[in-house]
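[1] quick one: sequence plus predicted model below, questions after.
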Amino acid sequence: MESPKRRTEFETLLLNSLREIVDDVIAWVVLPNHYHILARVQSLGDMSAALKHLHGTTSRQWNIEDDLTGKRRVWYKFADTAIRNEAHLHTAFNYIHYNPVKHGCVNDPYEWRWSSLSLYYDDRGGEWIREHWKLFTPSHDFGNGWD
């Protein structure tokens, strides 16, 4: 998903594919080589099936478009994490929105347009986001083991 066009298309496909099977998509980010979703689900099996279908169709399409059919694996298995409590939920929310900075895509998470951060900014404002960050960000960086 190196190109902005491909990220935009994938973001739309991802959110549309989850619309009917999740209770609530809380946060998301789409990066050049992976994505994160924070959602309330009734059935992890339904989520897995939806992502399997999405990954199958997009990998086939992208490999055809890039003339790499049979030469490139686009997706790998997804990993899920059960949210333990309210603090963990909010820390995961912050992690998702900080991910473009962590991976060197931008210097400021507000600069990355393929995430839900702008929706929260528009709905709740910058002050809410700053307070949320102060309350629910680990004192160390978001490296391995933060969750």
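    Arrived safely. Residues are numbered from 1 along each chain as shown.

[2] need the contact list for Arg72.
    Going by C-beta atoms under 8 Å, 6 or more residues apart in numbering, Arg72 touches Asn63, Asp66. Glycine gets a C-beta too; all of them are placed from N, C-alpha and C.

[3] let me fix that, I meant to ask about Lys52.
    Applying C-beta under 8 Å, 6+ apart to Lys52 gives no contacts.

[4] need the per-residue pLDDT for it.
    According to the prediction, Lys52 has pLDDT 92.

[5] the one helix or strand it maps to: which residues count as buried?
    Element membership of Lys52, judged by DSSP states H and E, is helix 44-65. The neighbour-count check on helix 44-65 (16 or more other C-beta atoms under 10 Å) flags Met47, Ala50, Leu51, Leu54, Thr58, Ser59, Trp62, Asn63 as buried.

[6] so what does the helix or strand following that helix touch, helix or strand wise?
    Toward the C-terminus, helix 44-65 is succeeded by helix 86-102 as the next helix or strand (DSSP H and E). Contacts defined by 3 or more C-beta pairs under 8 Å, 6 or more residues apart in numbering; DSSP states H and E place helix 86-102 against strand 22-30, strand 35-41, helix 126-135.
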